[in-house]
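*Asks:* Here's my sequence, what's the structure:
(chains A, B and C)
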Amino acid sequence: MSWTDERVETLKRMWAEGQSASQIAKELGGVTRNAVIGKVHRLGLSNRAGAAPARPAPEAAAAPAAKDKPAPKPEAEQPAAAAAPAPRPEPAPASRPAAASPAPEAQSAAPPPPSSRKAIVPAGQPLPPQPSANEISPEALASVREVEKTAKRLTLMELTERTCKWPIGDPATDDFWFCGLPVQQGKPYCEAHVGVAFQPMSARRDRKR
DNA sequence: CCCTGATTCGC
DNA sequence: GCGAATCAGG
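*Replies:* As a prediction, the model looks like this:
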């Protein structure tokens, strides 16, 4: 795969959106996160908001000796960076593009409690893609079935923070185990199970009787 | 252990 | 220019 304009564009966009290099690599396909990071650097768009610990000076290493080591120029870094001391108006930790709320009218939630309350957190994102369907997507179901074939079949005691805790089988029988595949970070389940565990919203109607 | 980005350097 | 290997940190 090569860095076509299109791919570079996607890279730029996603990087700007705060997507991680691995996510971008996954999206692009055919490249590793290393490749993405390398490209990001070469493109000169490195540090996103203040999240870069910035490797301290690696320090000019030892002796170049006789090899082809042109005189190491101490200062020869990014020319562009220096010229643009980007002022950072918003220290917002969230790198999400502010949701467009064209409706200035009331309607919006978030009734700000007058006071006497601990500062309420700004509130989460507007949960964008919410398919109205309360059904599990066919793909999700399919992948679950697929996954259950390759699951690690862990026992309760074998579960860790990083193993999918999705139960499979009947607890009343020996045929019961936990998925055990690597969890999706921050979630209790693997990707496939997260897909079915966190449904958009369940319209669990009380049975219509 | 999982992840993140940063840097180096042979290609 | 590219990106694997490596590094440093969370």
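
*Asks:* so where do the helices sit in chain A?
*Replies:* Counting by DSSP state H, the segments of chain A that form helices are A:5-16, A:21-28, A:33-42, A:79-83, A:138-150, A:191-197.

*Asks:* Compare these and give me the one nearest DNA strand B.
*Replies:* Smallest distance to DNA strand B across the helices of chain A (Cβ to the nearest atom of the strand): 3.2 Å, for helix A:21-28. C-beta coordinates here come from the backbone N, C-alpha and C atoms, glycine included.

*Asks:* For the closest one, list every residue counted as buried.
*Replies:* A:Ala21, A:Ile24, A:Ala25, A:Leu28 (16 or more other Cβ atoms under 10 Å).

*Asks:* And that helix, what does it pack against?
*Replies:* helix A:5-16, helix A:33-42 (3 or more Cβ pairs under 8 Å, 6 or more residues apart in numbering; DSSP states H and E).

*Asks:* do it and DNA strand C meet at all?
*Replies:* No: Helix A:21-28 lies apart from DNA strand C when judged by Cβ under 7 Å from any atom of the strand; the minimum separation is 8.6 Å.

*Asks:* So that helix, near DNA strand B or not?
*Replies:* Yes: if you take Cβ under 7 Å from any atom of the strand as the test, helix A:21-28 does meet DNA strand B, through A:Ala21, A:Ser22, A:Gln23.

*Asks:* Wait, A:Val196 touches A:Leu141, no?
*Replies:* Yes: with contact defined as Cβ atoms under 8 Å, A:Val196 reaches A:Leu141; the gap is 6.8 Å.

*Asks:* quick one on the thing from earlier: pick out whichever of the residues of helix A:21-28 next to DNA strand B sits closest to A:Thr163.
*Replies:* Comparing these against A:Thr163 with Cβ to Cβ places A:Ser22 closest, at 20.2 Å.

*Asks:* which non-adjacent residue is nearest A:Arg7?
*Replies:* Excluding the flanking residues, the one nearest A:Arg7 by Cβ to Cβ, 6 or more residues apart in numbering is A:Leu28, at 5.7 Å.

*Asks:* go on, A:Ser143?
*Replies:* Of all residues not flanking A:Ser143 in the chain, A:Ala192 sits nearest, at 4.3 Å (Cβ to Cβ, 6+ apart).

*Asks:* same thing with A:Ser20?
*Replies:* A:Arg33 is the one closest to A:Ser20 (Cβ to Cβ, 6+ apart), at 7.5 Å.

*Asks:* so what's the one you found up against?
*Replies:* For A:Arg33, the contacting residues are A:Ser20, A:Ala21, A:Ser22, A:Ile24, A:Ala25, by Cβ atoms under 8 Å, 6 or more residues apart in numbering.

*Asks:* State the pLDDT value of it.
*Replies:* The per-residue pLDDT reported for A:Arg33 equals 94.

*Asks:* where's it relative to A:Arg145, distance?
*Replies:* A:Arg33 is 29 Å from A:Arg145, where distance means Cβ to Cβ, to the nearest Å.

*Asks:* same check, this time on A:Lys12
*Replies:* Taken as Cβ to Cβ, the span from A:Lys12 to A:Arg145 is 38 Å.

*Asks:* Name the residue in the two with the higher neighbour count.
*Replies:* Per other Cβ atoms under 10 Å, whichever of A:Lys12 and A:Arg145 has more neighbours is A:Lys12, with 15 against 10.
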